[in-house]
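1. coordinates for the following, if possible.
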Amino acid sequence: MTPQPNKASDCLRQADLAGLLGEHCRRVGARAGAALRVGEDGRVVILAVWPEQRAKADAPEWLTAAVSAAGEVAASGRPRVQPLHRPGRMYDDAPAGRLAMVPFRHARAAGVAAFVADGADADGLAERAAAVRFEVDALSLYAAHLSDGPLRLGASEMAAAMAVVSAVNDHSRLLAAGMAFCNELAGRWRCDRVSLGFVAGRYVRLRATSHTEKISRRMEAVGRIEAAMEECLDQDLEVVFPAGEEAEFVWRSAAELSRESGGGCVLSVPLRRNGRVAAVMTAERPAGEPFGLPDAEGLRLTCDLCTARLTELHERDRWVGARLAASARAALAALIGPRHTWAKAAVAGVLIAAAVLAFARGDYQVRAPFVLEAARQQVAAAPFDGLIESVDVEVADPVEAGDVLARMRSTDLSRELNRLEAERFEADSQARAARAAGNWSQVRIAEAQGRQLDAKVLRCREMIETAAVRARMAGTVVRIEVEHREGAAVSKGQPLVEVARIDTLRAELSVPADQVAELAAAMAAGELRGELATTSYVDRKIPFLVRRIEPEAVEADGERVFKVRAELVRTAGDDLGWMRPRMAGVARITLDRRRYVWIWTRRLSNWLRLRLWT
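-> Numbers count the residues shown, from 1 in each chain. Next comes the predicted model:
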């Protein structure tokens, strides 16, 4: 039958807990000990103290220290050892003793077992306390009793359970520990046979039987015992036979085992670890000696206390392949199970990102800023020092060769021309008069003056003609340099208007020096293409063809770059009238397909290689 939980009661006396605590203290060599329970609100309750304290006596210092640290120890789940000092100690005084605190491992209650030792007994207290870590779990049963319900056990049943736990802990191999477990249960609970089997998938395999050193798979009893254990496993609860009329579990295999053994009584108890059945214990008694509630609770308690040790030895004694397979299965179950969804999603994302970086390939591109410039353009400059009469064009106006772009003020030049022409006429008159008088020296002087004046007149006429600044080529006005147009004073050679052929625009890229070698190699292998977008029209992608890499690096924005000439690729129907010289943006040239990890770490890798080499 399966005992049902009841309300809390006082079936377990405080003396039983103190006696069990005293047994623990004697095993670890402690002079005193305490069992403490930690509530969900952090409140610490003293369940028992050994040796018993006198009424109305002040609590010893070690007990006060244990109560203060119990919450932290229970929350951490790890044992703690701390020194104890005498009152009024000096800084260099050695501690008077040690306080070891071991947390309960039972899932239904949180608590701490505290042990204190003085002098030489304090040496190795932590190791001795850890050695009985499976036995300390028995104290958690009392903490669970205070909140869940009664357990009909007395001091004798508790002593028997602790004796079985002690016998199991004395062995380091599964076969020996399993034999000790079965023999102790058989002797202390008056059983004819006690068997222990471990779960293997959906089945149970018998591993130990009381008073039987070697188990043969050919024995008929082995199959019947395993069938009874699997019946307990399938239902995940205790199965007892004979069962009462109110029993709601299946006992068919247990009844067959009883019938084959002469009508004896059978009890199968599941051994759970981490909420799952890891093993099954089946006990058999002679007919007429059924398992009562105290027997069932005593066996259940003993199985609970021994489960951790037995399952640990079972996992350790398996061959290395089985251990690796079990670890892989547990890891896979944790990976694809329903718990820790966000953590698994994060790990999956990291793994996918790592796989993409390691194996996926992408386009390796050279990104470089560019500036548009015209292959054919004219900068119309001032022909002489003077003032601007007018500017006859606006930016973006189309012009033809010979169209007037701007006019220089020529009024003063016209006056100067009139004056020079008058002087030239006077020089001619003087020459004629001297020739008529036969004064040949005067004739030569007048003719020389005439030639000088002819040159000045010619020069003045040329300046008047060039006062109208004309376009030498057809194109588009892209820039007007003068700020104030009419009446602005300019110097000879100062730019006035810039005309460019839009259909001859090309891009000048500034490629970083660490990528120019790869760019040159790709260009040597074949035609190299790319795309560019200006900052003014980022949605318009213009294809281009790389034509030339300048041989000399230049400084640009604190970085060494190489200038790369690119020809814009035009197709029929393209409207590139919006493009202007000196427009800037970003160009991309696809060189090859490389792994992402190489693309993203290339610059860092090159930097490290250069630093390590130098």
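2. what is the burial count for the residue lying closest to Ile502 once chain neighbours are set aside?
-> Of all residues not flanking Ile502 in the chain, Thr476 sits nearest, at 5.4 Å (CB to CB, 6 or more residues apart in numbering). For the C-beta atoms, the positions are set from N, CA and C on the backbone; glycine is no exception. Each residue near Thr476 was counted by other CB atoms under 10 Å, and the total is 21.
3. after the helix or strand that contains Thr476, which helix or strand is next? Please name it.
-> Under the criterion of DSSP states H and E, Thr476 resides in strand 475-480. Using DSSP H and E, the helix or strand that follows strand 475-480 in sequence is strand 489-490.
4. coming back round to it: which residues does the residue nearest to Ile502 contact?
-> Applying CB atoms under 8 Å, 6 or more residues apart in numbering, we find Thr476 in contact with Ala396, Asp397, Pro398, Val399, Val499, Ala500, Arg501, Ile502.
5. and of those residues, the nearest to Ser172?
-> Ile502 (90.7 Å; CB to CB).
6. run a quick neighbour tally on that closest one.
-> Neighbour number of Ile502 under other CB under 10 Å is 20.
7. please apply the same query to Arg252.
-> 12.
8. strands of the stretch 501-614 of the chain, start to end?
-> 505-512, 529-534, 542-556, 559-568, 584-595 (DSSP state E, counting those that start in this stretch).
9. phi first, then psi, for the most far-flung residue of the chain relative to its centre.
-> Centroid-distance maximum for the chain: Ala437 at 113.0 Å, with CA atoms, centre = their mean. Dihedral pair for Ala437: phi -80, psi -10, per degrees, to the nearest 10.
10. wait, what's in contact with Asp118?
-> Arg31, Ala96, Gly97.
11. export those as CSV, with columns for distance to Ala358.
-> Output for the contacts of Asp118, formatted as CSV (distance: CB to CB, whole Å):
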residue, distance to Ala358
Arg31, 61
Ala96, 60
Gly97, 57
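12. just the buried ones from the residues you listed, in ChimeraX syntax?
-> In ChimeraX, this line selects whichever of the contacts of Asp118 come out buried by 16 or more other CB atoms under 10 Å:
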select :31,96,97
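13. return the member of the contacts of Asp118 nearest to Ala74.
-> Gly97 (22.1 Å).
14. what does the pLDDT read for that closest one?
-> At Gly97, the pLDDT value in this model is 81.
15. tell me the confidence at the residue nearest to it when sequence neighbours are not counted?
-> Closest residue to Gly97 apart from its sequence neighbours, by CB to CB, 6+ apart: Asp118 at 3.9 Å. Looking at Asp118, its pLDDT reads 79.
16. for Arg207, same thing?
-> Arg207 is given a pLDDT of 91.
17. wait, isn't it in contact with Arg173?
-> No: using CB atoms under 8 Å, Arg207 makes no contact with Arg173, being 11.5 Å away.
18. who has more neighbours, the two?
-> A direct count of neighbours by other CB under 10 Å for Arg207 and Arg173 places Arg207 higher, at 20 against 11.
19. low-scoring stretches of the stretch 251-400 of the chain, by residue?
-> Scanning the stretch 251-400 of the chain for pLDDT under 70 picks out 333-335, 337-339.
20. what about the helices in it?
-> 252-260, 293-317, 320-336, 341-359 (DSSP state H, counting those that start in this stretch).
21. now, which of the contacts of Asp118 lie within strands?
-> Those of these mapping onto strands are Gly97, per DSSP state E.
22. now flag whichever of the contacts of Asp118 is closest to Gly197.
-> Of the contacts of Asp118, the one sitting nearest to Gly197 (CB to CB) turns out to be Arg31, at 42.3 Å.
23. what about that closest one? Give its phi and psi, please.
-> Here Arg31 shows phi and psi, under degrees, to the nearest 10, equal to phi -90, psi -20.
24. okay, it: pLDDT?
-> On the pLDDT scale, Arg31 gets 87.
25. again, but for Val240
-> Per the predicted model, pLDDT is 92 at Val240.
26. list the contacts of it.
-> So Val240 contacts Met1, Ala247, Trp251, Ala254, Cys265, Val266, Leu267, Ser268, Pro290, Phe291, Ala296 (CB under 8 Å, 6+ apart).
27. which residues sit in contact with the nearest residue in space to Arg273 that is not next to it in sequence?
-> Setting aside the residues directly before and after it, Arg273 is nearest to Thr311 in space (CB to CB, 6+ apart), at 5.1 Å. Counting by CB under 8 Å, 6+ apart, Thr311 touches Phe198, Leu271, Arg273, Ala278, Ala279.
28. mind running it again at 7 Å?
-> Arg273, Ala278, Ala279 (CB atoms under 7 Å, 6 or more residues apart in numbering).
29. what pairs with the last one across the strands?
-> When assigned by DSSP bridges, Ala279 has beta-bridge partners Phe198, Leu271.
30. surely it and Val199 touch.
-> Yes: look at Ala279 against Val199 with CB atoms under 7 Å: they come within range, at 6.4 Å.
31. of those two, which one has the most company?
-> Ala279 (25 against 20).
32. can you tell me how far the more buried one sits from Glu157?
-> Applying CB to CB, to the nearest Å, the value for Ala279 to Glu157 is 21 Å.
33. burial of Pro290, as a residue count?
-> 17.
34. ditto for Ala330
-> 10.
35. distance of it from Lys456?
-> Relative to Lys456, and taking CB to CB, Ala330 is found at 108 Å.
36. okay, and for the stretch 501-614 of the chain, where does confidence drop off?
-> In the stretch 501-614 of the chain (pLDDT under 70), the answer is 572-573, 614.
37. so, low pLDDT: which residues of the stretch 51-200 of the chain?
-> In the stretch 51-200 of the chain, residues with pLDDT under 70: 55-56, 86-94, 105-109, 119-123, 126-155.
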